[in-house]
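*Asks:* Pasted the sequence and its predicted model underneath.
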Amino acid sequence: MADSTTPQIDGTPISSERIMKTLRKELAAINATVDQQEASVVTQVGDGIAYVSGLKSAMSGELLQFTSSATGRSVYGLAQNLEEDRVGAVLFGDVDSISEGDECRTTGHVMDIPTGHAMLGRVVNPLGQPIDGLGPINTTHRRPIEFKAPGIMERQPVCEPVLTGLLAIDAMVPIGRGQRELIIGDRKTGKTAIAIDTIINQRDTDMICIYVAIGQKASTVAAIKESLARHGVLDKTVIVAATAADSAPMQYIAPMAGAAIGEYFMYNDANGNPADKDHPGGHVLVVYDDLSKQAVAYRQMSLTLHRPPGREAYPGDIFYLHSRLLERACKLSDENGAGSLTALPIIETQEGDVSAYIPTNVISITDGQIYLQTSLFFQGQRPAVDVGISVSRVGGDAQYKAMKQVAGTLRLDLASYRDKQAFAQFGSDLDATTQYQLNHGAHMMELLKQGRYSAIAAPDEIIAIFAGKEGFLDDVDIDHVALFRDGLSKYMSNNHPQLRASVLNGKIDDDQSTRLRTHIAHFKEQFLLEHPNKAKATDVTKASENVTSDDAETTNKGQEK
């Protein structure tokens, strides 16, 4: 029996054990989380840059939330400079609404953007927000704009081709899935055209395409969107646009946003689940158009943050910025889903100066470069690929075996042609071998000419180069080479589809080679009847004129007698 002096509730004595048991039960039922945010105020703002006092817990690259005292809207920023008594941040969105004295809070996580399959066919800004007027995007995932690239053991060698449909590139500068191939050249030499043609050529493949426009005109982005829609590839493409009207911070994060969107498809399967050996990841092609404008934006941003400029007035860490971005392109191992991210960065040069700071940076990071020469472009060689310094460090591993076989000597033939062409203009007496090399090289250069949106299928590329290598084009009129190439593609597709398809299965054996020669020779006979050479036609005309003049002389002599 309990002592009458012991405290009781409802006749039950209160003990320390009972109190502890009750407290444990109540504490276990509490599921509220504590959200720690550090708040401070803006001390200085201007040119898209805000300085915030305090914020001792802010991280580099952390997303900061600014609240406008005038409108009440939230504007987000990215912490860049972590100084002793203040934080320097770049602002995104409605930057003009933020003024001195406005509140700033930390969010506790690095900047990320929404991603997902719902973004396909849409135009978004670098924050992942739609700007095409088609309503909101119901995304399912978010990814950080900065992400550590996979290590060596998480990758595998590049061995699958990414076909551009452009003969000059697929034959001599092949691109593979997971590769980083730089497109470099002066302004208005067809850099974007190559990238867009490559995207369009993925219409019937399993590759997702992402086009990142950095500092382009809004009208240019709209025209590219219409081109992609017209050729039926927009529904598998995401356009990330930071136009020339956008702020420098938006142009700065645009490529990283494009990479983040692409990584979603690479690291996840078709259902959005993490990829592994049994759930393959996707394949993505990302075009960064162009990184020289991102470098300029980063320079502006860094100088307004009072960072010291490095060599040639660019920040010294621009190399680190581009390497972090481009290293994210890779071909994952089978255990990680075997997905791939292929990067086509574009760099604009000034007067063909590839030895400038930014071009040499990106050249050293990438796995090769496609160099477009202005003089070739104005001579009508489109695409204006300079085979002399264009290279793919992946090489034949990213080609079909038959393509590697027939195009093995093409680069040397064209280089020899360019050398002899330079010397031939100084002399008229050329030996037969030099004349053959000049004629053969001129026809091969003509074979590589292609217009916009006129991609050639892989088997037709192989057969066309085979025909040129075997000398079938050398006596075709040079103005008819493109007609011959396109006609041969249709002829083989309509009359010999099995042989045409078989060239993709491996190297061309002796039997296939013999059959190809026979069919190409048969097509050439028909072609020359429909498109006779101008030289031969002229000779026939002269011969007929001579015959006519001889008859006339005979008639006149008879009349005189």
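*Replies:* It's in.

*Asks:* helix/strand/coil for residue 381?
*Replies:* Following DSSP: H, G, I helix; E, B strand; the rest coil, the label given to residue 381 is coil.

*Asks:* so which helix or strand takes in residue 516?
*Replies:* helix 510-530 (DSSP states H and E).

*Asks:* what residues does that helix touch?
*Replies:* 463, 466-467, 470, 472, 476, 480, 483-484, 487-488, 491-492, 495-496, 499, 502-503, 508 (Cβ atoms under 8 Å, 6 or more residues apart in numbering). Just so you know, the C-beta spots here come from the backbone N, C-alpha and C atoms, and that holds for glycine as well.

*Asks:* One more pass at 7 Å, please.
*Replies:* Contact with helix 510-530 is made by 463, 466-467, 470, 472, 484, 487-488, 491-492, 496, 499, 502-503, as judged by Cβ atoms under 7 Å, 6 or more residues apart in numbering.

*Asks:* go on, stretch 461-471?
*Replies:* 167, 170-171, 400, 402-403, 406-407, 410, 443-444, 447, 473, 485, 488, 492, 500, 503, 516-517, 520.

*Asks:* same question, stretch 376-396
*Replies:* 158, 166, 168-169, 172-176, 179, 181, 189-190, 194, 367-373, 404, 411, 414-415, 445, 449-451.

*Asks:* got the CA positions of it in PDB?
*Replies:* Taking C-alpha atoms only, stretch 376-396 is exported to PDB below (Å, rounded to 0.1, in the frame of the first residue of the first chain):
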ATOM      1  CA  LEU A 376      37.600  26.600 -97.700                       C
ATOM      2  CA  PHE A 377      34.200  27.900 -96.800                       C
ATOM      3  CA  PHE A 378      34.300  30.700 -99.200                       C
ATOM      4  CA  GLN A 379      35.700  28.400-101.900                       C
ATOM      5  CA  GLY A 380      32.400  26.500-101.700                       C
ATOM      6  CA  GLN A 381      33.800  23.500 -99.700                       C
ATOM      7  CA  ARG A 382      30.900  22.800 -97.300                       C
ATOM      8  CA  PRO A 383      31.500  21.600 -94.600                       C
ATOM      9  CA  ALA A 384      34.800  23.500 -94.600                       C
ATOM     10  CA  VAL A 385      36.700  20.800 -92.700                       C
ATOM     11  CA  ASP A 386      40.500  21.300 -92.800                       C
ATOM     12  CA  VAL A 387      41.800  17.800 -92.800                       C
ATOM     13  CA  GLY A 388      45.300  19.000 -91.900                       C
ATOM     14  CA  ILE A 389      44.600  19.900 -88.200                       C
ATOM     15  CA  SER A 390      41.300  18.200 -87.700                       C
ATOM     16  CA  VAL A 391      41.700  15.100 -85.700                       C
ATOM     17  CA  SER A 392      39.800  12.500 -83.600                       C
ATOM     18  CA  ARG A 393      41.800  11.000 -80.800                       C
ATOM     19  CA  VAL A 394      39.300   8.100 -80.600                       C
ATOM     20  CA  GLY A 395      40.000   7.400 -84.200                       C
ATOM     21  CA  GLY A 396      38.800   4.200 -85.900                       C
END
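
*Asks:* for that stretch, which positions count as buried?
*Replies:* 376-377, 381-387, 390-392, 394 (16 or more other Cβ atoms under 10 Å).

*Asks:* Check the offset of that stretch from the chain's centre.
*Replies:* 17 Å (Cα atoms, centre = their mean, to the nearest Å).

*Asks:* isn't residue 111 right up against residue 63?
*Replies:* Yes. Counting by Cβ atoms under 7 Å, residue 111 touches residue 63, with 4.4 Å between them.

*Asks:* Give the rounded mean pLDDT of stretch 363-382.
*Replies:* Mean pLDDT, stretch 363-382: 94.

*Asks:* What's the end-to-end length of it?
*Replies:* 23 Å (Cα to Cα, to the nearest Å).

*Asks:* Just checking, which helix or strand of the chain averages the lowest pLDDT?
*Replies:* Lowest on mean pLDDT, DSSP states H and E among the helices and strands of the chain sits helix 534-560, with a mean of 45.

*Asks:* quick one on the thing from earlier: now list the buried members of the contacts of stretch 461-471.
*Replies:* Buried subset of the contacts of stretch 461-471 (neighbour count, 16+ other Cβ under 10 Å): 167, 170-171, 400, 402-403, 406-407, 410, 443-444, 447, 473, 485, 488, 492, 500, 503, 516, 520.

*Asks:* what about residue 146, how many neighbours?
*Replies:* 18 (other Cβ atoms under 10 Å).

*Asks:* from what I can see it touches residue 253, true?
*Replies:* No. Assessed by Cβ under 7 Å, residue 146 is found out of contact with residue 253, at 9.1 Å.

*Asks:* Can you tell me the element the residue nearest to the spatial centre of the chain falls in?
*Replies:* Closest residue to the average C-alpha location of the chain: residue 287 at 2.5 Å, with Cα atoms, centre = their mean. Per DSSP H and E, residue 287 falls inside strand 283-289.

*Asks:* quick one: strands adjacent to that strand?
*Replies:* If you go by DSSP bridges, strand 283-289 pairs up with strand 207-214 (parallel), strand 340-348 (parallel).

*Asks:* nearest to residue 78, of the contacts of helix 510-530?
*Replies:* residue 503 (51.1 Å; Cβ to Cβ).

*Asks:* how close does the closest one get to residue 462?
*Replies:* 5 Å (Cβ to Cβ, to the nearest Å).

*Asks:* Repeat that for residue 337.
*Replies:* In terms of Cβ to Cβ, residue 337 sits 31 Å off from residue 462.

*Asks:* Buried subset of the contacts of stretch 376-396, written for ChimeraX?
*Replies:* Provided next is the ChimeraX selection string for whichever of those are buried by 16+ other Cβ under 10 Å:
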select :158,166,168,169,172,173,174,175,176,179,181,189,190,194,367,368,369,370,371,372,373,404,411,414,445,449,450
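
*Asks:* Next step: the contacts of stretch 376-396 restricted to strands.
*Replies:* 368, 369, 370, 371, 372 (DSSP state E).

*Asks:* Enumerate every residue touching the first one.
*Replies:* So that's residue 368. Residue 368 neighbours (Cβ under 7 Å, 6+ apart): 173, 181, 182, 391, 392, 393, 394.

*Asks:* hang on, residue 352 packs against residue 374?
*Replies:* Yes. Taking Cβ under 7 Å as the definition, residue 352 is a contact partner of residue 374 at 6.5 Å.

*Asks:* any shared contact partners between these two?
*Replies:* residue 186.

*Asks:* Put the alpha carbons of stretch 223-231 into CSV.
*Replies:* Below are the C-alpha coordinates for stretch 223-231, written out as CSV (Å, rounded to 0.1, in the frame of the first residue of the first chain):
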residue,chain,number,x,y,z
ALA,A,223,15.0,29.4,-86.1
ILE,A,224,16.9,26.4,-84.8
LYS,A,225,13.8,25.2,-83.0
GLU,A,226,11.8,25.4,-86.2
SER,A,227,14.5,23.5,-88.1
LEU,A,228,14.5,20.7,-85.6
ALA,A,229,10.7,20.6,-85.6
ARG,A,230,10.5,20.5,-89.4
HIS,A,231,12.9,17.6,-89.5
